[in-house]
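**Student:** here is my input, please return the structure:
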Amino acid sequence: MSEELEKREEQTELPDGIGISLEDIAVLLAMKHDTTVRKDDPVLMLVTICNSFLGAIQSLHKAHNGALSSILTARTKEYISGVKNTTDALSKTLSDASVEAIREIFDEHASALGASKRNARWCALIVAVSTVANLIALALR
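**Tutor:** Numbering: from 1, shown residues only. Have a look, this model is predicted:
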């Protein structure tokens, strides 16, 4: 029975330094209040209760941290997937719009180029007729 009691007493001190040992409390009370407490003093029960409470809170924080991490991981994956889908759709839409805009510009350019070729032909025809008229006028003189 005494081994179980010692084991339980060791468990009241948290392994990562959170909490305080009964010996440390006795020293602290002696320094601050000039009083000594025995190991069976009821005031030391508060230390055991507080250390147990800190242990329970720490366990609860670990559980909440794990749950929060898994939720955030899942939400982040969903968010990244949504952003990727939106980016892909936007990229395709912009690409399609860009291709359509380029086609319109090329069509306008081809139309202007066709008009320019027709005008060049008319100019060449006018120059040819003018040359022939000038040659005839020169020949008749």
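
**Student:** checking Asp40 next. Helix, strand or coil?
**Tutor:** Under DSSP: H, G, I helix; E, B strand; the rest coil, Asp40 falls in the coil class.

**Student:** for it, list the residues it contacts.
**Tutor:** Residues in contact with Asp40 (Cβ atoms under 8 Å, 6 or more residues apart in numbering): none are found. The C-beta positions use only the backbone N, C-alpha and C, and glycine is treated the same way.

**Student:** low-scoring stretches of this structure, by residue?
**Tutor:** 1-18 (pLDDT under 70).

**Student:** which stretches in the chain count as helices?
**Tutor:** 2-12, 22-33, 43-140 (DSSP state H).

**Student:** the residue lying farthest from the centre of the chain and Val83: what is the separation?
**Tutor:** Here the centre of the chain is the reference, and by Cα atoms, centre = their mean the most remote residue is Arg141, at 90.6 Å. Distance from Arg141 to Val83, counting by Cβ to Cβ, to the nearest Å: 85 Å.

**Student:** for Ala30, same thing?
**Tutor:** For Ala30, the distance to Val83 - Cβ to Cβ - is 62 Å.

**Student:** neighbours of Ala139, how many?
**Tutor:** The tally of other residues near Ala139 (other Cβ atoms under 10 Å) stands at 7.

**Student:** I appreciate the help and will end here.
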